[in-house]
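Undergrad: predicted structure and sequence below. I'll ask about it afterward.
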Amino acid sequence: MNILSIQSHVAYGHVGNASAVFPLQRLGVEVWPIHTVQFSNHTGYGAWRGQVFDASIIGELVEGIAERGVLERCDGVLSGYMGAADIGDAILAAVARVRAANPNADYCCDPVIGDVGRGIFVRPGIPEFMREKAVPAAEVITPNQFELEYLSGHTIADLSDAIAACNALHRLGPRVVLVTSLHTRETPAGMIDLLASGPEGRFLVRTPKLNVAPNGAGDAIAALFYFHCKRTGSTAEALSAAASSIFGLLAQTEREGSRELLLVAAQDEFVKPSRLFTAAVI
């Protein structure tokens, strides 16, 4: 399997491609990463060095891959944080280029907009771009609860609200929706839910809520879920596998008190999770 991953990148720590690429490689995927930024570390530290690349670099690098005669072997495109609308347009142009070379290729968009408690944290224009262009272009999307509410226009208090919101997003185009970090009135204290909605139905995984929230976890689970969707063709199996792996990764990160995801130390969790969570039909 070959996946083109277009995201930010950091030299130290794990967010964007620095979070998504290694888990996919550990699972046997050939990843073709294109970096939209190159920073020393993620911006959560409050200080960093590096630069944001011009959007034109995306098309230039995709053209270079096409010149190698391998673009038809690309099985899909994965994207995450988009620093500006022109970067988003360049990513969608890359998706179109890949689909022209391989009509069976698909697109997974992690529609990074904001989060519960923080609100919108991306630049003006990005939320609208996600709702109007990126989400309709994708087969798979992986919003968190805040992003699900924004994109669907639904307020989520219980699971039925979340399912209605997923249905609204299906009508925009995506056939599979993964909702991460979902908490409704039905979620027990000390637990967190993940909801996946696909052609086969709606599925829920409930895991203990760990006392850790490192940057990059959303990038990792988007990559894992997308891979398992493609590997199995099953929304339920993809949810179970991705949720189990990310729980193992976060559990080790919590045990060692690390501010950064311990992708390398916990790498066996991607292949054989130490605790398996089965997806329940809802």
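TA: Cool, the structure landed. What you are looking at is a predicted structure, and each value in this text was computed from that prediction instead of being measured. Residues are numbered from 1 along each chain as shown.
Undergrad: and Thr180, helix, strand or coil?
TA: Of the three states, Thr180 takes strand according to DSSP: H, G, I helix; E, B strand; the rest coil.
Undergrad: who's in contact with Thr278?
TA: 205, 240 (C-beta atoms under 8 Å, 6 or more residues apart in numbering). Every C-beta, even on glycine, is put in place using the N, C-alpha and C of the backbone.
Undergrad: local confidence estimate at it?
TA: Among the per-residue scores, Thr278 shows a pLDDT of 97.
Undergrad: any idea how far Ala84 is from it?
TA: Distance, Thr278 to Ala84, by C-beta to C-beta, to the nearest Å: 41 Å.
Undergrad: pLDDT weak spots in this protein?
TA: Of all residues in the chain, none has pLDDT under 70.
Undergrad: please enumerate the strands of the stretch 51-200 of the chain.
TA: In the stretch 51-200 of the chain, strands defined by DSSP state E, counting those that start in this stretch lie at 76-79, 106-109, 114-115, 119-120, 140-141, 176-182, 191-198, listed in chain order.
Undergrad: helix, strand or coil: sort out the residue nearest to the spatial centre of the chain for me.
TA: Ranked by distance to the mean C-alpha position of the chain (C-alpha atoms, centre = their mean), the top residue is Ala222 at 2.7 Å. Secondary structure state of Ala222, per three-state DSSP, is helix.
Undergrad: contacting residues for it?
TA: Ala222 makes contacts with 20, 78, 80, 108, 110, 142, 178, as judged by C-beta under 8 Å, 6+ apart.
Undergrad: go on, Thr142?
TA: With contacts taken as C-beta under 8 Å, 6+ apart, Thr142 has the following neighbours: 108-111, 177-178, 180, 218, 221-222, 225-226.
Undergrad: quick one: it from Ala196, how far?
TA: In this structure, Thr142 and Ala196 are separated by 9 Å, where distance is defined by C-beta to C-beta.
Undergrad: do a quick rundown of the helices in the chain.
TA: 17-26, 56-67, 85-101, 126-129, 135-137, 145-152, 159-172, 217-232, 235-255, 268-271 (DSSP state H).
Undergrad: so what sits against both of Thr142 and Ala196?
TA: Counting by C-beta under 8 Å, 6+ apart, the contacts common to Thr142 and Ala196 are 177-178, 225.
Undergrad: need those in JSON lines with neighbour count, can you?
TA: Formatted as JSON lines, the entries for the shared contacts of Thr142 and Ala196 read as follows, by neighbours: other C-beta atoms under 10 Å:
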{"residue": "Val177", "neighbour count": "29"}
{"residue": "Leu178", "neighbour count": "32"}
{"residue": "Phe225", "neighbour count": "27"}
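Undergrad: just put these in CSV and tack on distance to Leu71.
TA: Compiled in CSV, the shared contacts of Thr142 and Ala196 are given as follows (distance: C-beta to C-beta, whole Å):
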residue, distance to Leu71
Val177, 28
Leu178, 27
Phe225, 24
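Undergrad: which of those sits closest to Arg97?
TA: Proximity of the shared contacts of Thr142 and Ala196 to Arg97 (C-beta to C-beta) peaks at Phe225, which lies at 24.0 Å.
Undergrad: can you count the residues close to the residue nearest to the closest one when sequence neighbours are not counted?
TA: Of all residues not flanking Phe225 in the chain, Ala242 sits nearest, at 4.0 Å (C-beta to C-beta, 6 or more residues apart in numbering). Taking other C-beta atoms under 10 Å as the neighbour definition, Ala242 ends up with a count of 31.
Undergrad: name all residues that make contact with Ala242.
TA: When contacts are taken as C-beta under 8 Å, 6+ apart, Ala242 is in contact with 178, 221, 224-225, 228.
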